[in-house]
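Student: prediction below, plus the sequence it came from.
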Amino acid sequence: MVYQLKVFPKYPVIPILEPKYRVPFVKYFEGHKYEEIVREMNIPIGTV
């Protein structure tokens, strides 16, 4: 998953985050619910 800086102009740090931190954040901005992110990534809900 590659996101360009222009996609998140308010959050310029997102593209440089490690995938394990970036992916949940991006999925949330794409409209996914916490439960979906947790299920897809197999991570605890407190992580999202």
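Tutor: Sure, I can see it. Numbers count the residues shown, from 1 in each chain.
Student: residue boundaries of the helices in this protein?
Tutor: 19-29, 34-41 (DSSP state H).
Student: would you mark the buried spots in the lowest-mean-pLDDT helix or strand in the chain?
Tutor: Least confident helix or strand, the chain: helix 19-29 with a mean of 86, by mean pLDDT, DSSP states H and E. Buried residues in helix 19-29, counted by 16 or more other C-beta atoms under 10 Å: 22-27. C-beta coordinates here come from the backbone N, C-alpha and C atoms, glycine included.
Student: what's the farthest-apart pair in these?
Tutor: 22 and 27 (9.5 Å; C-beta to C-beta).
Student: what's the closest non-adjacent residue to the most centrally placed residue in the chain?
Tutor: In the chain, the residue lying closest to the centroid (C-alpha atoms, centre = their mean) is residue 25, at 2.4 Å. For residue 25, ignoring the flanking residues on the chain, the nearest one in space by C-beta to C-beta, 6 or more residues apart in numbering is residue 14 at 6.3 Å.
Student: and residue 38, by the same measure?
Tutor: Among residues not flanking residue 38 along the chain, residue 45 sits closest, at 5.0 Å (C-beta to C-beta, 6+ apart).
Student: surely the one you found meets residue 35?
Tutor: Yes: assessed by C-beta atoms under 8 Å, residue 45 is found in contact with residue 35 at 7.4 Å.
Student: how about residue 30, phi and psi?
Tutor: phi -80, psi -10 (degrees, to the nearest 10).
Student: about what we covered before: for residue 10, which of the helices of the chain is the nearest?
Tutor: Across these, residue 10 has its closest neighbour in helix 19-29 (10.3 Å, C-beta to C-beta).
Student: which secondary structure elements does the closest one contact?
Tutor: In terms of contacts (3 or more C-beta pairs under 8 Å, 6 or more residues apart in numbering; DSSP states H and E), helix 19-29 is packed against helix 34-41.
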